[in-house]
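S.K.: pasting a predicted model and its sequence here:
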Amino acid sequence: MEYRAIKNEILQKLEKELPKKYFYHSIAHTKSVLNACIAIGRLEKVKSQDLVLLKTAALFHDAGFIFGPKNHEQKSCGLAKELLPQYDYSAGQIEIICGMIMATKIPQNPKNQLEKVLADADLDYLGRPDFFQISDLLYQELLASGILKNEEEWNLLQVKFFESHHYFTDTSIKLRQEGKEKNLKLIKAKL
């Protein structure tokens, strides 16, 4: 697997082709999820070859937004299937990567440890101190796309989402659950 080469290619592709209207689903989000995957993966004792698959899935998990938000996970998998064979990823490895990508689809339903790590990394920000800065980007994105009309609607949506979400790995539960609960209280205080 030529991870560094595909990392460079997919980041360049996202930089060039991802529409700028995606304030949240941006290259910054991809890099944030990649960093969270590495941190969670190491604490969860993911083996080195599996960590490469995990990092690759993180790079591709929202790449489908290049083609639009609808079914972006499937589009991300399609892109992975198109590009990864050129970088010495086997069909079996690509299937594992696509499984991780599909595990980020809301509502999340990861079936194994790698899928759980990526699902938690994708929503790691829910329990972080920078939550409100990041969630504001998603609010702006949903507002611009006409999905939301105002901040009250946004806060109600967030409460509903928070109350249905849970972390899957012991690491994320330990490191992010308490912060997530604090952030939820702050959102509820706005209503």
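M.R.: Perfect, I can see it now.

S.K.: which elements pack onto the lengthiest helix in the chain?
M.R.: Longest helix in the chain by number of residues (criterion: DSSP state H): helix 170-190. The contact analysis (3 or more C-beta pairs under 8 Å, 6 or more residues apart in numbering; DSSP states H and E) places helix 170-190 against helix 27-43, helix 113-122, helix 131-144, helix 151-164. Every residue, glycine included, has its C-beta placed from N, CA and C.

S.K.: against residue 158, how distant is residue 28?
M.R.: 20 Å (C-beta to C-beta, to the nearest Å).

S.K.: neighbour count winner among the two?
M.R.: Neighbours per residue (other C-beta atoms under 10 Å) separate residue 28 from residue 158, with residue 158 holding more: 21 against 12.

S.K.: which residues touch that one?
M.R.: By C-beta atoms under 8 Å, 6 or more residues apart in numbering, residue 158 lies in contact with 135, 187.

S.K.: give me the pLDDT for it.
M.R.: At residue 158, the model reports a pLDDT of 96.

S.K.: show me what contacts the residue sitting nearest the centre point of the chain?
M.R.: Residue closest to the average C-alpha location in the chain (C-alpha atoms, centre = their mean): residue 122, at 2.8 Å. Applying C-beta under 8 Å, 6+ apart to residue 122 gives the contacts 33, 36, 61, 104, 108.

S.K.: repeat that with 10 Å
M.R.: 29, 32-33, 36-37, 57-58, 61-62, 100-101, 103-106, 108 (C-beta atoms under 10 Å, 6 or more residues apart in numbering).

S.K.: could you find the closest non-adjacent residue to residue 148?
M.R.: Spatial nearest neighbour of residue 148, chain neighbours left out: residue 142 (4.4 Å); criterion: C-beta to C-beta, 6 or more residues apart in numbering.

S.K.: swap in residue 51?
M.R.: That would be residue 41: by C-beta to C-beta, 6+ apart, it lies 5.1 Å from residue 51.

S.K.: from residue 52, how far off is that neighbour?
M.R.: 10 Å.

S.K.: ok, these two, which is more surrounded?
M.R.: residue 41 (26 against 16).

S.K.: tell me the spacing between the more buried one and residue 183.
M.R.: 24 Å.

S.K.: quick one: end-to-end distance for stretch 64-80.
M.R.: Stretch 64-80 has an end-to-end distance of 10 Å (C-alpha to C-alpha, to the nearest Å).
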